[in-house]
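Visitor: sequence and computational prediction follow.
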Amino acid sequence: MTVESLATPYGRSALDALCRLVAAGKVHDPLASVTVLVPNNIAGLFVRRHLAHGLADGHPGIAGVFISTLPRLAE
C-alpha cells in the first residue's frame, strides 16, 4: 500500500491533480482500490462527481474508489 500526499491550490488544479494520482494508482489494475480522504462531506461530493466523469477523455466512470473524511475512516 502506498500513501501519497500532494499540496495544490484549491479548485480545478486540485481536481486535475487528484485525477492524475488516482489514475497512477490504477495504472496496472483499473479495479484496484483507491482511498481518497477529503476534509468534509461537501468536498467529497465534488470529488465524487468530478471522478465520475472518468480519468481519461472518452472513458467516463470509475470503479474502486472509496471517498471518505478522516473521522469516518477512523470509524
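Guide: That came in fine, so what should we check first?
Visitor: ranges for the strands of the protein?
Guide: 34-38, 65-69 (DSSP state E).
Visitor: so which of these gets nearest Gly25?
Guide: strand 34-38 (4.5 Å; Cβ to Cβ). C-beta: built from backbone N, CA, C; applies to glycine.
Visitor: pull out the buried positions in that closest one.
Guide: Judged by neighbour count using 16 or more other Cβ atoms under 10 Å, the buried positions of strand 34-38 are 34, 36-38.
Visitor: repeat that for stretch 63-75.
Guide: 65, 67.
Visitor: show me the contact partners of it.
Guide: 22, 26, 30-41, 44, 47-48, 51 (Cβ atoms under 8 Å, 6 or more residues apart in numbering).
Visitor: next, the angle from the longest helix anywhere in the chain to strand 65-69.
Guide: Secondary structure of the chain per DSSP state H: the longest helix is helix 12-25. Angle of helix 12-25 versus strand 65-69, following axes from the mean of the first three to the mean of the last three Cα atoms, to 10 degrees, is 130 degrees.
Visitor: report the angle between helix 12-25 and strand 34-38.
Guide: Using the same axes, to 10 degrees: helix 12-25 against strand 34-38 is 160 degrees.
Visitor: any idea how far helix 12-25 is from the chain center?
Guide: How far helix 12-25 lies from its chain's middle: 7 Å, per Cα atoms, centre = their mean, to the nearest Å.
Visitor: buried sites along it?
Guide: Quick answer for helix 12-25 (16+ other Cβ under 10 Å): 14-15, 18-19, 21-22, 25.
Visitor: closest one of those residues to Ser5?
Guide: Leu21 (9.5 Å).
Visitor: contacting residues for the closest one?
Guide: Leu21 makes contacts with 4, 6, as judged by Cβ under 8 Å, 6+ apart.
Visitor: any idea how far Pro71 is from it?
Guide: For Leu21, the distance to Pro71 (Cβ to Cβ, to the nearest Å) stands at 22 Å.
Visitor: and for Val27?
Guide: Distance of Val27 to Pro71, given as Cβ to Cβ: 30 Å.
Visitor: can you pull the contacts of Arg48?
Guide: By Cβ under 8 Å, 6+ apart, Arg48 lies in contact with Ile67.
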